[in-house]
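1. Task: produce atomic coordinates for the following.
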Amino acid sequence: MAINVNKVYRVVLSILNKEQRGYLTPDQFNRLARQAQLDLFEKSFYDYNRQLTKRNIQGVNSEYGDIADNIEEKIDLFAESATQSIVGGVFSAPADLYRTVQLVKADRLTEIEKVKKSEYVYLASSKLTQPTAEFPVYYFDNQQFNVLPNTLSQCVIDYIRRPEDPVWAFTLGNGGSYVYDAANSQNFEIHESDETDLVIKVLALAGVIIKDPTVIQVAQQQEVSNINQENS
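-> Below is the predicted model:
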């Protein structure tokens with residue numbers, strides 16, 4: 001389901017060269033590709049929320065016409081679960097955490113409720129509202145999960161991981177040319193249906209690097225057209 005990083009780079013170079021807009025080095029492309037992937041990844045969450053709202057108002061389209069379900073499938077590609085040890089009521093977030101779905105006790109029978117930090121302090125200080133093993137709570141701060149009661153020793157976190165950074169790896173050939181190194185490259189991880197939007201996004205960012213406003217304008221116009229089509 002991945003999008004080939006070499007294919008995207010070649011398409012971007014082809015468009016830039018065809019219009020004589022300049023050249024994008026592999027290092028520049030890798031930086032822009034990372035940002036473009038993250039932008040589209042984050043956009044999928046907003047699109048999902050918008051389509052849910054639209055579905056609730058207008059009704060449900062079944063099967064392939066249910067856009068919200070289609071976007072959910074794209075996000076689910078990054079769904080992960082991990083068992084975490086809790087020490088003194090605290091455990092560190094997974095290194096690849098992007099968004100938390102839920103925390104549950106190790107037996108998966110009891111959800112650990114998310115609260116605000118201010119609520120957490122209040123709950124911990126009151127005997128009447130103090131969380132118990134049957135009704136545990138947590139808050140997230142500074143890449144750490146804080147759990148009450150602090151007697152819990154384990155939990156399971158369901159979360160959406162961050163996509164791996166795309167990398168167009170290369171070796172230097174004759175005359176200092178860049179030769180694609182597939183073995184050490186990393187493809188884009190977002191859904192293959194986003195390939196066109198990905199190329200447009202990289203081109204828009206490339207327009208800033210090569211200081212050509214025309215590239216930015218054309219890419220932005222295409223992006224707006226795609227959004228209008230989605231909302232029509």
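
2. what's the distance between the nearest residue to Gln186 once chain neighbours are set aside and Ser118?
-> Using C-beta to C-beta, 6 or more residues apart in numbering and skipping the chain neighbours, the partner closest in space to Gln186 is Val167 (4.2 Å). No exception for glycine: its C-beta is placed from N, CA and C like everyone else's. Per C-beta to C-beta, to the nearest Å, Val167 is found 42 Å from Ser118.

3. what's the answer for His191, then?
-> Going from His191 to Ser118 by C-beta to C-beta gives 38 Å.

4. Between these two, which is the more surrounded one?
-> More crowded of His191 and Ser118, by other C-beta atoms under 10 Å: His191, with 20 against 9.

5. The longest helix seen in the chain packs against which elements?
-> Using DSSP state H, we find that the single longest helix of the chain is helix 26-58. Contact partners of helix 26-58 among helices and strands, from 3 or more C-beta pairs under 8 Å, 6 or more residues apart in numbering; DSSP states H and E: helix 5-18, helix 67-76, helix 195-209.

6. repeat that with 6 Å
-> With contacts defined as 3 or more C-beta pairs under 6 Å, 6 or more residues apart in numbering; DSSP states H and E, helix 26-58 has these neighbours: helix 67-76, helix 195-209.

7. separation between Gly173 and Ile160?
-> Relative to Ile160, and taking C-beta to C-beta, Gly173 is found at 39 Å.

8. So which of the two has more stuff around it?
-> Ile160 (19 against 10).

9. just checking, that one touches Arg99?
-> Yes: judged on C-beta atoms under 6 Å, Ile160 makes contact with Arg99 at a distance of 4.5 Å.

10. Many thanks, we can stop here.
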